[in-house]
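Colleague: Sequence and predicted structure, then a few things I'm wondering about:
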Amino acid sequence: MKTQVYESAVLINASLEDDQIGNITNRIKETITSNGGEVQEIEDWGRKRLAYVVKKSKIGYYLIFRYNSSPDIVSKLERFFQLDESVLRYLTLKLSKDALEQIEQSKIQAAALQEEEKAATEPVVNEIKISEDKNEELNSEPEKI
């Protein structure tokens with residue numbers, strides 16, 4: 001059976017403890033791998049305020065799973081999401097080649113932006129050090145000849 005790349009966005013009840021959310025994450029990974037799938041990436045977006053109340057929750061914990069699998073795993077995974085009371089919402093998409101390329105491009109852009117921000121802060125640190133050195137020279141006593 002041909003494998004496809006899927007992405008599942010899962011909204012978990014944010015009132016759970018971090019270790020409980022970790023357990024749910026591990027069970028989702030285990031469900032994918034035990035059925036012959038391969039997890040490529042997990043994006044942990046953390047706790048976010050929801051636009052509207054979902055199952056009496058104003059805050060949700062977002063996880064995004066990208067994985068290779070056969071189509072039959074998706075139904076098993078969604079069944080797991082339906083049965084788990086801590087999962088508020090979920091959405092599974094089959095990713096096209098264009099979508100995968102866009103994801104890679106956005107990762108490259110994010111890494112480049114992070115490097116720019118890092119480079120922008122380095123000269124400021126060096127300028128402060130230079131000015132401190134000049135102040136020390138000005139405050140030191142003149143040498144006697």
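Modeller: Sure, I can see it. Numbering: from 1, shown residues only.
Colleague: host element of the spatially most central residue of the chain?
Modeller: Centroid check for the chain by C-alpha atoms, centre = their mean gives Glu43 as the closest residue, at 3.2 Å. In this assignment (DSSP states H and E), Glu43 forms part of strand 38-54.
Colleague: Who does the helix or strand following that strand pair with, and is each partner parallel or antiparallel?
Modeller: Going down the chain from strand 38-54, the next helix or strand is strand 57-69, by DSSP H and E. Sheet pairing of strand 57-69 (DSSP bridges) gives strand 4-13 (antiparallel), strand 38-54 (antiparallel).
Colleague: show me where pLDDT drops low in the chain?
Modeller: 1, 122-145 (pLDDT under 70).
Colleague: and Ile32, how many residues sit next to it?
Modeller: Applying other C-beta atoms under 10 Å, we find 23 residues neighbouring Ile32. Placement of C-beta: from N, CA and C, glycine included.
Colleague: just checking, what packs against the strand or helix carrying it?
Modeller: Using DSSP H and E, Ile32 sits within helix 18-34. Contact analysis of helix 18-34 by 3 or more C-beta pairs under 8 Å, 6 or more residues apart in numbering; DSSP states H and E lists strand 4-13, strand 38-54, strand 57-69, helix 71-83 as its packing neighbours.
Colleague: and the angle from the strand holding Glu43 to helix 18-34?
Modeller: Calculated by axes from the mean of the first three to the mean of the last three C-alpha atoms, to 10 degrees, strand 38-54 forms an angle of 130 degrees with helix 18-34.
Colleague: who's in contact with strand 38-54?
Modeller: 5, 11, 14, 25, 29, 32-33, 57-69, 88-89 (C-beta atoms under 8 Å, 6 or more residues apart in numbering).
Colleague: among those residues, which ones are buried?
Modeller: Those of these that meet the buried threshold are 5, 11, 14, 25, 32, 60-63, 65-67, 69, 88, by 16 or more other C-beta atoms under 10 Å.
Colleague: how about TSV for the residues you listed, with distance to Arg49 added?
Modeller: TSV is the format used below for the buried ones among the contacts of strand 38-54 (distance: C-beta to C-beta, whole Å):
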residue	distance to Arg49
Val5	30
Leu11	12
Ala14	9
Thr25	21
Ile32	28
Gly60	8
Tyr61	11
Tyr62	11
Leu63	16
Phe65	22
Arg66	24
Tyr67	28
Ser69	32
Leu88	13
